[in-house]
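Trainee: need the 3D shape of this:
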Amino acid sequence: MSAAAQFFEPLPGAEISETSPSVKNSGPWKAENLLISAALLLMMFLPVGTAVAQRIFGISLQDTTQIVQHLVLVVGMLGGAIAAREQRLLALSNLGEQRLPEDWRGWTKAFCAAVSAATLAFLCFASWQFLLTEKQAGHTLAYGIPVWLVEALLPAGFAVIATRVLWHCGETWRARLVCLGFSLTLVSAAYFGARSHFFLPVAISILAVSSLLGVPALVSVGGAAMILFTGAGQPIATIPVAQYALVTNPVLPTLPLFTLAGYFLAEGGSPRRLIRLFRALFGQFRGGPAIVTVVVCAFFTSFTGASGVTILALGGLLMPILKSGRYNEKDSLGLMTGAGSLGLLLPPCLPLIIYAIVAKVPIEKMFLGGLLPALVMIAATAVWGVLRGRNAAERTVGKFNLREAWSALWDAKWELLMPFVSIGALFTGIATTVEAAALTAIYAFLIATIIHRELHVFRDLPRVMAECGLLIGGVLLILGLSLGLTDYLVDAEVPVHAVDWATHTIHSPMLFLLLLNLFLLIVGCLMEIYPAIVVEVPLLVPIGAVFGVDPIRLGIIFLANMELGYLTPPVGLNLLMSSYRFRKSVPEVLRATLPVVAVLSGGVLLITYVPWLTTALPSLMK
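Mentor: Now for the predicted structure:
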């Protein structure tokens, strides 16, 4: 082992396991998991309980809407702290781990940790300034709860994340002290050199290099926002203000609630029941295993919102089915990797909700707009899988068994009803968006704990809910800080200049759509989907409006391209997850996935140039 590797030796247990990674739920971490579990449970039951009390029993309760909105802030900061604890904060690039020589990796990890800690220290300071202002305002939530008590989680959360990033920079105290010293040097240099002419180019250069080497995405976007605001002579307290505005958005609780419902299903026996059902229905066809893989992956990704989770959770179940259907290893690997992102356009997936919030369009219309395009992408991938199945050496499945199909259908009846519960409650008007999401989470909770009794309330739920909170926290931190960066771009009139440039340079809507796809393909290669939505959408929606592209249609085109981003290097999360899960190199996974990428690219072009696919269903809403 090299000297650098010994100096910055990774902590034991930091590697991704063969199956889905799971948060620690013992010792000092149990209390943290219980706190985030309690917050998520309150988010589940408060909206539904309040609605039932008022609409059915006529009992007037204080409006708990603000409490639920601020619980999103609690989940976001606690989840971010847990993600830092588990070393699973999302990064824009993994160059430092995947591409550099082993001798360099320890030092690059230390450099990234120092830059991260320095950036988080400034975010902590900015949040503290925001907290002092809010405390003086004296605002309260329902039942007289002071708002500043919840807002105090902003500086506290950033401080905890910074501490944990430094702790994980190395195994030895010497390594941690070196990182701390370098971090304090960066803080001092930034503080005293903020008014220097060299501040902006030097700071941006350091941040760009560290982003390529693998600092967390929240550091990349938050650091960029702070540097740009400081360079423009504006206070950095604007950034936590933007983050607070985002996480307390009235419809944002739908994001963790729908995701939690997906985690309840994925951690119970629902995957096995659904795989059994679709195998009984389609298994007798040549190519049936491909149809099973595509449909089941799309279903779970639509609820978890994380295709990497789908691959990790379902890969061990679906890969043997593909191989038993005589699919070769390359086709099986490519199909499993590509199918993981297919549910991104199906309601109630997270990216649909986030786009609706950022673009300020109704969530219900985004859900409807994504249905037909999602079916196009699913059908295209399934057809490719069926065609590849024709190359099987022999048929290995029997005839259709009606008794088995009926038994499997009855066994999976509760899971099959779930989309009707969530979408039905929303579109029939009996529940608001947040209430429908809470009802869906409660329904999934009952399936896993009461109906099938596959998750123990006290033994399993804290772990599962902490795992969900980890994902949500990481995403919300990126989104909130990205919104701060977006605010700077708006103040600098970047969208206005972009519209002016586009209208003077591009004169054809067809050409605009083609260039849009090329641009989004590049964005998908370089950025994670969540910061891409928050940073790029405010720039693209005004330009799309100039060329007559409806924001719903633009959103579906955007997200369809982001599906490809999960399968393209260097960011391609599905490539990395498949590499870890199936113990294959990333280039090997990429080669196996290229045919699926080609198929999905054709689907993207179809969605782009056939507008009624995205506009037909939303136009039915008044």
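
Trainee: how many residues are close by the nearest residue to residue 295 once chain neighbours are set aside?
Mentor: Nearest non-adjacent residue to residue 295, counting by Cβ to Cβ, 6 or more residues apart in numbering: residue 278, 5.4 Å away. The way it works is simple: take the backbone N, C-alpha and C, and place the C-beta from them, glycine included. A total of 23 residues lie near residue 278 under the criterion other Cβ atoms under 10 Å.

Trainee: where's residue 278, which helix or strand?
Mentor: Secondary structure assignment for residue 278, by DSSP states H and E: helix 270-282.

Trainee: which residues touch that helix?
Mentor: With contacts defined as Cβ atoms under 8 Å, 6 or more residues apart in numbering, helix 270-282 is touched by 265, 288-289, 291-292, 295-296, 299-300, 313-314, 317-318, 321, 401, 404-405, 407-409, 411-412, 415-416, 447-448.

Trainee: just the buried residues from the residues you listed, in PyMOL please.
Mentor: Applying 16 or more other Cβ atoms under 10 Å to the contacts of helix 270-282, the buried members can be selected in PyMOL as follows:
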select buried, resi 265+288+289+291+292+295+296+299+300+313+314+318+321+404+405+408+411+412+415+447+448
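
Trainee: outside of stretch 364-380, which residues touch it?
Mentor: With Cβ under 8 Å, 6+ apart, stretch 364-380 has contacts from 294-295, 298, 342-349, 352-353, 355-356, 423, 426-427, 433, 552-553, 555-556, 559-560, 563, 599-600, 602-603, 606-607, 613-618, 620-621.

Trainee: no no, stretch 217-224
Mentor: Contacts of stretch 217-224 (Cβ under 8 Å, 6+ apart): 80, 89-92, 115-116, 119-120, 123, 203-204, 207, 210-211, 239, 474, 477-478, 481-482, 484-485, 528, 530-531, 535.

Trainee: only alpha carbons, please: show stretch 485-494 as PDB.
Mentor: Provided in PDB are the C-alpha atoms of stretch 485-494 (Å, rounded to 0.1, in the frame of the first residue of the first chain):
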ATOM      1  CA  LEU A 485     -27.300  29.600  -7.400                       C
ATOM      2  CA  THR A 486     -30.400  30.100  -9.600                       C
ATOM      3  CA  ASP A 487     -31.300  33.300  -7.700                       C
ATOM      4  CA  TYR A 488     -27.900  34.700  -8.600                       C
ATOM      5  CA  LEU A 489     -28.400  33.800 -12.200                       C
ATOM      6  CA  VAL A 490     -31.800  35.600 -12.200                       C
ATOM      7  CA  ASP A 491     -30.300  38.600 -10.500                       C
ATOM      8  CA  ALA A 492     -27.600  38.700 -13.100                       C
ATOM      9  CA  GLU A 493     -30.300  38.500 -15.800                       C
ATOM     10  CA  VAL A 494     -28.700  35.400 -17.300                       C
END
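
Trainee: in this structure residue 251 contacts residue 357, no?
Mentor: Yes - in this structure, residue 251 is within contact of residue 357 by Cβ atoms under 8 Å, at 6.3 Å.

Trainee: got any residues that touch both of these two?
Mentor: residue 363.

Trainee: these two: which is more packed in?
Mentor: Neighbours per residue (other Cβ under 10 Å) separate residue 251 from residue 357, with residue 357 holding more: 23 against 16.

Trainee: for residue 499, see how far away residue 545 is.
Mentor: 9 Å (Cβ to Cβ, to the nearest Å).

Trainee: which one's more surrounded, those two?
Mentor: Between residue 545 and residue 499, counted using other Cβ under 10 Å, the more crowded position is residue 499 (17 against 13).

Trainee: check the gap between the residue nearest to residue 295 and residue 297 for me.
Mentor: 11 Å.

Trainee: quick revisit: of the contacts of stretch 217-224, keep whichever come out buried.
Mentor: Buried among the contacts of stretch 217-224 by 16+ other Cβ under 10 Å: 80, 89-92, 115-116, 119-120, 123, 203, 207, 210-211, 239, 474, 477-478, 481-482, 484-485, 528, 530-531, 535.

Trainee: among the residues you listed, which are in helices?
Mentor: If you go by DSSP state H, the buried ones among the contacts of stretch 217-224 have 80, 115-116, 119-120, 123, 203, 207, 210-211, 239, 474, 477-478, 481-482, 484-485, 530-531, 535 in helices.

Trainee: domain map for the chain?
Mentor: Using automatic domain parsing, the domain parsing of the chain gives 62-247, 254-620.

Trainee: what about the first one, average pLDDT?
Mentor: This predicted structure assigns domain 62-247 an average pLDDT of 87.

Trainee: kindly report the same for the last one.
Mentor: Throughout domain 254-620, pLDDT has a mean value of 85.

Trainee: first-to-last residue distance for it?
Mentor: 23 Å (Cα to Cα, to the nearest Å).

Trainee: how far does that domain sit from the chain's center?
Mentor: 10 Å (Cα atoms, centre = their mean, to the nearest Å).

Trainee: same question for the shortest one.
Mentor: Relative to the mean C-alpha coordinate of its chain, domain 62-247 is positioned 19 Å out (Cα atoms, centre = their mean).

Trainee: next SSE after the helix holding residue 278?
Mentor: That would be, after helix 270-282 and using DSSP H and E, helix 288-304.

Trainee: could I get that next one in PDB with only the CA atoms?
Mentor: Extracted in PDB, the C-alpha atoms of helix 288-304 (Å, rounded to 0.1, in the frame of the first residue of the first chain):
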ATOM      1  CA  GLY A 288     -41.000 -12.600 -21.200                       C
ATOM      2  CA  PRO A 289     -38.100 -12.100 -18.700                       C
ATOM      3  CA  ALA A 290     -37.300  -8.800 -20.400                       C
ATOM      4  CA  ILE A 291     -40.900  -7.600 -20.100                       C
ATOM      5  CA  VAL A 292     -40.900  -8.600 -16.400                       C
ATOM      6  CA  THR A 293     -37.600  -6.700 -15.800                       C
ATOM      7  CA  VAL A 294     -38.800  -3.600 -17.500                       C
ATOM      8  CA  VAL A 295     -42.200  -3.400 -15.900                       C
ATOM      9  CA  VAL A 296     -41.100  -4.100 -12.400                       C
ATOM     10  CA  CYS A 297     -38.200  -1.700 -12.500                       C
ATOM     11  CA  ALA A 298     -40.400   1.100 -13.900                       C
ATOM     12  CA  PHE A 299     -42.900   0.500 -11.100                       C
ATOM     13  CA  PHE A 300     -40.400   0.700  -8.300                       C
ATOM     14  CA  THR A 301     -38.400   3.700  -9.800                       C
ATOM     15  CA  SER A 302     -41.700   5.600 -10.100                       C
ATOM     16  CA  PHE A 303     -42.100   5.500  -6.300                       C
ATOM     17  CA  THR A 304     -38.500   5.500  -5.000                       C
END
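
Trainee: many thanks, we can stop here.
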